[in-house]
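Peer 1: sequence and predicted structure are below.
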Amino acid sequence: MTFSDLRVGQKASMQKTFTAADVTAFAGISLDVNPIHMSDGNAKNTVFGKRIVHGILTSGLISAVLANKLPGPGTIYLGQELKFVAPVYLDDDITAEVEIAELREDKKIVKLNTTCTNQDGKQVITGVATVKFDI
C-alpha cells in the first residue's frame with residue numbers, strides 16, 4: 001500500500017485476548033508492578049473488584065493495527081491521544097479498530113480515530129493516532 005491508496009473512512013482491526021501471562025510479561029518489561037495488575041488479593045479491594053490489564057498494554061493493540069494493517073508496514077507513530085474509558089480484565093477479548101479521519105498529503109501524515117472494544121461491545125479505550133506513512 002502507498003499513501004495514494006489511503007482514503008478517509010478506511011478501517012482495519014485486530015483482536016487479542018489478554019491473559020495473566022501477558023500482564024506478567026508486560027510488568028517485567030515495563031516495571032509497572034502495580035498490585036491492581038498483579039495481585040488478586042489487592043485488586044479485589046479496589047473499585048474494579050479484580051485484576052485489570054495495564055491500559056498501555058491494551059493500547060499496544062492499536063499500534064499493531066497501524067503497523068500491520070492500516071496504513072501498514074512503514075508506518076511511523078508520531079503521537080497518540082488515549083482515553084481509558086473502562087477497565088480491561090484478565091481474559092477479556094479486545095478488538096482494536098482504526099479509521100482514517102484525515103490525510104495530509106504534503107507531509108504524508110495520517111490521523112486515525114482509534115478504539116478498543118471488549119467482547120461485550122463496550123469501548124474501553126478511545127483516541128486519535130497521528131502517523132507518518134511515507135511509502
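Peer 2: Right, received. Where do you want to start?

Peer 1: would you mind writing the CA trace of stretch 15-32 as CSV?
Peer 2: Taking C-alpha atoms only, stretch 15-32 is exported to CSV below (Å, rounded to 0.1, in the frame of the first residue of the first chain):
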residue,chain,number,x,y,z
GLN,A,15,-8.3,-8.9,18.1
LYS,A,16,-6.5,-10.3,21.1
THR,A,17,-7.4,-11.9,24.4
PHE,A,18,-5.3,-10.5,27.2
THR,A,19,-4.2,-13.2,29.7
ALA,A,20,-2.5,-13.2,33.1
ALA,A,21,0.7,-14.3,31.3
ASP,A,22,0.5,-11.1,29.1
VAL,A,23,0.2,-8.9,32.2
THR,A,24,3.1,-10.7,33.9
ALA,A,25,5.3,-10.3,30.8
PHE,A,26,4.4,-6.7,30.4
ALA,A,27,5.1,-6.0,34.1
GLY,A,28,8.5,-7.5,33.7
ILE,A,29,9.3,-5.3,30.7
SER,A,30,7.7,-2.1,31.9
LEU,A,31,8.5,-2.4,35.6
ASP,A,32,4.8,-1.5,36.3
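
Peer 1: for that stretch, give me every contacting residue.
Peer 2: 33, 37-38, 51, 53-54, 56-58, 61, 64, 88, 90-96 (CB atoms under 8 Å, 6 or more residues apart in numbering). All C-beta spots, glycine's among them, are computed from the backbone N, C-alpha and C.

Peer 1: and the longest helix for the chain?
Peer 2: Using DSSP state H to define each element, the chain has its longest helix at helix 55-68.

Peer 1: buried sites along the next helix or strand after it?
Peer 2: Sequence-wise, the next helix or strand downstream of helix 55-68 (DSSP states H and E) is strand 76-84. Neighbour-count burial for strand 76-84, counted by 16 or more other CB atoms under 10 Å, picks out 80, 82, 84.
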